[in-house]
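In: Take a look and give me a structure for this.
(one chain, ligands or ions: 1)
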Amino acid sequence: MSDRVGFVTMGEAQGPSDNIPSIGVGMLGYAFMGKAHANAYKKIPYIMWPPAAIPRLVSIVGRNQEAVSVAARRYGFERYVTDWRDLVNDSEIQLFDNGGPNNQHAEPCIAAAEAGKHIICEKPLGRTAAESKQMLEAVRKAGVKHACAFNYRFVPAIRQARQLIEQGALGRIYHFRARYLQEWIADPQFPMVWRLKKDVAGSGALGDLGAHIIDLARFLVGEPKSVNAITKTFITERPLGDGSSRTDKVDVDDAFAALVEFENGAIGTLEASRFALGRKNTNTFEINGSKGSINFNLERLNELEVYLADAGPREARGFTDVLVTESYHPYYANWWPQGHIIGWEHTFVHELNHLIEAIVQGKTVEPYGATFEDGYRAAVICDAILQSAENAGARVPITY
Ligand code: SOE
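Out: Numbers count the residues shown, from 1 in each chain. So this is what the prediction gives:
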């Protein structure tokens, strides 16, 4: 159907070939992760064209009516509610997206699974392995698709690292050395927030940052066999930040360091801190194998440093800084010509599109996406790190 208007032919934007289904999204939480996920849902239709389905932002829930009503308008949700039960029981929602604080992950996700919703839940999945196991059992029983939002699996350079390892380019893996460093609470005057309270967060830097590098260790190297660890809370009391002189106790770790032995014989170190002044969001790892090494830093996320022992004359060998922006690199063909680079936010576009394809096309989320099983296994490893730290760094075996 088209009309001629002057010298311009005006056509209908939606053509018969665009019979792309929509998928109704309900979201819990509208802060940092809500913003990152809403942003990604809106980019999927035109960046991942043709998408398996077009996300329809149906409803968003938040306890504060004023704040959630603003978020609904800002992100483009059709409606908002203040009770997650109304959202979970909304028949127009097929995908439940939980980006709320960690103590709001289990109950709503279990209810959403029981209501037949497919689910993505931000990491850490639960506050403990036990809570994560309940969530895993609920989605398995419901038979719904489920994802745990370890978004760094969807950085082109990290997926490329996985492919290099799968192809044997690095040979036998000897070492995995990862650090996730931030600085945002090094100031003693930084006030109490939910990430610093055990009953809400479950743990501190360990579950928030450590969970990411634990998942990457599993994604890139394999299953850990045991851990030895130490945790530290450097500042144990913080101002409430409400203008009063009242303070509250910090009852989670500010930092941790762990030794890891992997089932395949590799060994590793894992470290996360929120007290690393100058480190803004430094999620970095190095892998050393019998035929080569790779090094990655999230703050330079389009780059992968690669050393291949058999690449060229030995006089010219050294780490090569690969710009992972070619059409043959993972995910990048959806974006721009080589060298035009992408950002942190775009990992969520890849991740959420991957889940939507699994839902609509009957594909599996694993092995490249993280499921609730991966969220549970990360939680088991986090619990083992805490158990070791509580026992003078004793070696703790990992058993799922
Ligand atoms: C913590 O500040 C945080 O926002 C984590 O919660 C995210 O998972 C990480 O990607 C960035 O840092």
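
In: got a list of what residue 154 touches?
Out: Counting by C-beta atoms under 8 Å, 6 or more residues apart in numbering, residue 154 touches 331, 347-348, 350-351, 354, 369. For every residue, glycine as well, the C-beta is placed using N, CA and C.

In: Could you check what's spatially nearest to whichever residue of the stretch 101-250 of the chain sits closest to the ligand, not counting adjacent residues?
Out: Scanning the stretch 101-250 of the chain for proximity to the ligand using C-beta to the nearest ligand atom identifies residue 208 as nearest, at 4.8 Å. Using C-beta to C-beta, 6 or more residues apart in numbering and skipping the chain neighbours, the partner closest in space to residue 208 is residue 195 (6.0 Å).

In: From the contacts of residue 154, pick the one nearest the ligand.
Out: residue 347 (8.9 Å).

In: close enough to count as contact, that closest one and residue 157?
Out: No - with contact defined as C-beta atoms under 8 Å, residue 347 does not reach residue 157; the gap is 10.4 Å.

In: can you list the contacts of residue 154 in JSON lines and add secondary structure and distance to the ligand?
Out: Output for the contacts of residue 154, formatted as JSON lines (DSSP: H, G, I helix; E, B strand; the rest coil; distance: C-beta to the nearest ligand atom, whole Å):
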{"residue": "331", "secondary structure": "coil", "distance to the ligand": "17"}
{"residue": "347", "secondary structure": "helix", "distance to the ligand": "9"}
{"residue": "348", "secondary structure": "helix", "distance to the ligand": "10"}
{"residue": "350", "secondary structure": "helix", "distance to the ligand": "14"}
{"residue": "351", "secondary structure": "helix", "distance to the ligand": "12"}
{"residue": "354", "secondary structure": "helix", "distance to the ligand": "17"}
{"residue": "369", "secondary structure": "coil", "distance to the ligand": "16"}
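
In: what pLDDT does residue 13 get?
Out: Per-residue pLDDT puts residue 13 at 70.

In: ok, now which ones touch residue 264?
Out: 173, 221-222.

In: PyMOL command for the buried members of those residues?
Out: Listed next is the PyMOL selection for buried residues among these, using 16 or more other C-beta atoms under 10 Å:
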select buried, resi 173+221+222
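
In: just checking: which of the contacts of residue 264 also lie near the ligand?
Out: Among these, no residue sits close to the ligand (C-beta under 6 Å from any ligand atom).

In: from the contacts of residue 264, which ones fall inside strands?
Out: Secondary structure from DSSP state E places residue 173 of the contacts of residue 264 in strands.

In: want to try CSV for the contacts of residue 264, with pLDDT and distance to residue 47 as columns?
Out: Below are the contacts of residue 264 laid out as CSV (pLDDT from 0 to 100; distance: C-beta to C-beta, whole Å):
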residue, pLDDT, distance to residue 47
173, 98, 33
221, 98, 31
222, 98, 32
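
In: Among the contacts of residue 264, which one sits closest to residue 30?
Out: residue 221 (35.6 Å; C-beta to C-beta).

In: pretty sure that closest one contacts residue 263?
Out: No - checked against C-beta under 8 Å, the pair residue 221 and residue 263 is beyond contact range at 9.4 Å.

In: Let me see the domain layout of this protein.
Out: Listed domain ranges for the chain are 7-150, 153-343+352-397 (source: automatic domain parsing).

In: By mean pLDDT, show me the worst of those.
Out: Looking over these, mean pLDDT reaches its minimum on domain 7-150, with a mean of 95.

In: Let's check: the centremost residue of the protein is which one?
Out: Most central in the chain under C-alpha atoms, centre = their mean is residue 150, positioned 2.5 Å from the mean C-alpha point.

In: OK, contacts around it?
Out: Counting by C-beta under 8 Å, 6+ apart, residue 150 touches 123, 211-212, 215-216, 219, 370, 374-375, 378.

In: how about the helices in this protein?
Out: Ranges of helices within the chain are 32-47, 65-75, 84-88, 106-114, 129-142, 156-166, 198-201, 205, 211-220, 346-361, 372-389, based on DSSP state H.

In: Get me the contact residues on this protein for the ligand.
Out: 32, 208, 281.

In: Could you list which residues are in contact with the first one?
Out: This points to residue 32. By C-beta under 8 Å, 6+ apart, the contact set of residue 32 is residue 99.

In: Quickly note the distance from residue 323 to residue 170.
Out: In this view, residue 323 and residue 170 are 20 Å apart by C-beta to C-beta, to the nearest Å.

In: So residue 288 sits against residue 172, correct?
Out: No - contact criterion C-beta under 8 Å: residue 288 and residue 172 do not qualify, at 10.0 Å.

In: Those two: which is more packed in?
Out: A direct count of neighbours by other C-beta atoms under 10 Å for residue 288 and residue 172 places residue 288 higher, at 18 against 11.

In: and the more buried one, what is it in contact with?
Out: Residues in contact with residue 288 (C-beta under 8 Å, 6+ apart) are 170, 173-175, 177.

In: Equivalent analysis for residue 377, please.
Out: So residue 377 contacts 218, 223, 400 (C-beta under 8 Å, 6+ apart).

In: Start and end of stretch 315-325, how far apart?
Out: Start to finish, the residues bounding stretch 315-325 are 28 Å apart (C-alpha to C-alpha, to the nearest Å).

In: likewise stretch 278-292?
Out: Using C-alpha to C-alpha, first and last residues of stretch 278-292 are 30 Å apart.

In: Check which residues of that stretch are buried.
Out: 279, 282-289, 292.

In: Let me know the distance separating the closest residue to the ligand within the stretch 251-400 of the chain from residue 296.
Out: Nearest to the ligand in the stretch 251-400 of the chain, going by C-beta to the nearest ligand atom, is residue 281, at a distance of 5.7 Å. Distance of residue 281 to residue 296, given as C-beta to C-beta: 13 Å.

In: picking that back up, look at the residue of the stretch 101-250 of the chain closest to the ligand and say how many residues are nearby.
Out: So residue 208, with other C-beta under 10 Å, has 21 neighbours.

In: hang on, isn't it packed against residue 193?
Out: No - using C-beta under 8 Å, residue 208 makes no contact with residue 193, being 11.2 Å away.

In: circling back to that earlier point, verify the contact between the residue nearest to residue 208 and residue 206 for me.
Out: No - using C-beta under 8 Å as the test, residue 195 is too far from residue 206 to be in contact (11.2 Å).
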